[in-house]
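Engineer: here is my input; please provide its structure:
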Amino acid sequence: MIRILSILVGLFFTVALAWSLLLGLLNFEIPHTVEHDFHKHPKELHLASDGALGKFDRQQLQRGFQVYQEVCAACHSLRHVAFRDLAALGYNEAEVKAIAAGTQVPGIDPNTGEATTRAGLPTDYFPLAFANDVAARAANNNAIPPDLSLMTKARHDGAAYVYSLLSGYQDPPASLPEDNRPGDGLYFNPYFTNLNLAMSPPLTAEGQVSYGDGTKPTVDRMSKDVSAFLVWTAEPKLEKRKQTGWPVLGFLLFATILGFLSCQQIWADKKKKKG
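Structural biologist: Numbers count the residues shown, from 1 in each chain. As a prediction, the model looks like this:
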């Protein structure tokens, strides 16, 4: 009797819980905030490095590096990337040295021991855009520009987010409430979470960067190229990982089949005897 009573009580609570869950689902409504109504999902972006067999387009990576160097480097750092890493983009040793030498990096005066700057070496990492957060805020409307080394890994939708953000600046729509319109020093971008950001449009006109390979430098093209470059900075070993992954998967498949056949061979007689 007690067991039946316990089952009935448990069944009652289960039904009550299921009923509450059903009512909650029926009454659930997505809150319609301004951000929800005006925020856009990133545009589609197809890069040569996409997919299981994708490889970097090194010409595009060089164009993207040029965009970073001429436009983005004034505010954003690449503190996890060394100049010598640029050899993976197709630059030869002399070109890497020239790129490094064209950048001033922090150093120490050997005669006085005081902090100074010197020409970069291939072994140096890209210097910080600002000496500290105070300087960064003072130059960027109280906002700290993020480091871009791992940006495509740190943001949902990765390269597509970066591409959409760079090419998505526009005037706020007329239907946008007055309280949500960009204030002084802010710019409307529907691909940014809260719609308004402190970064002014970095890519504003065709020809802002002159490509040496003859590619037409439209805002869309420059946005795609620098996004591809940031995919490389976030995962420079991407190609090697894919090249290693396929043989590993092949070996695991072979080992699985071999293990199955071995099991069948070893246990076949025992199963017969047991039968």
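
Engineer: can you pull out the strands in the stretch 151-275 of the chain?
Structural biologist: Residue ranges of the strands in the stretch 151-275 of the chain, as given by DSSP state E, counting those that start in this stretch, are 187-188, 196-197.

Engineer: which stretch in the ones you listed has the least confidence?
Structural biologist: Per-stretch mean pLDDT for those is lowest at strand 196-197 (a mean of 91).

Engineer: which residues touch it?
Structural biologist: Identification of contacts with strand 196-197 by CB atoms under 8 Å, 6 or more residues apart in numbering yields 143, 180, 181, 182, 183, 186, 187, 188, 189. (Each C-beta comes from the backbone N, C-alpha and C, glycine too.)

Engineer: stretch 200-216 too?
Structural biologist: 59, 62-63, 66-67, 70-72, 166-167, 169, 187, 217-219, 221-223.

Engineer: off-centre distance for that stretch?
Structural biologist: 22 Å (CA atoms, centre = their mean, to the nearest Å).

Engineer: quick one: low-confidence residue ranges for the protein.
Structural biologist: Where the chain drops to pLDDT under 70, the residues are 1-2, 9, 24-32, 268-275.

Engineer: okay, domains of it per the record?
Structural biologist: 34-81+126-236, 243-267 (automatic domain parsing).

Engineer: so which of those domains is nearest residue 108?
Structural biologist: Closest to residue 108 of these, according to CB to CB: domain 34-81+126-236, at 14.3 Å.

Engineer: start to end distance for the closest one?
Structural biologist: 38 Å (CA to CA, to the nearest Å).

Engineer: quick revisit: now neighbour count and distance to residue 51 too, for the contacts of strand 196-197, in TSV please.
Structural biologist: TSV is the format used below for the contacts of strand 196-197 (neighbours: other CB atoms under 10 Å; distance: CB to CB, whole Å):
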residue	neighbour count	distance to residue 51
143	15	35
180	17	38
181	13	41
182	16	38
183	8	42
186	17	37
187	17	34
188	19	34
189	24	29
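
Engineer: quick revisit: so which of the contacts of stretch 200-216 belong to helices?
Structural biologist: 59, 62, 63, 66, 67, 166, 167, 219, 221, 222, 223 (DSSP state H).

Engineer: quick one, longest helix in this structure?
Structural biologist: The chain, longest helix under DSSP H: helix 238-274.
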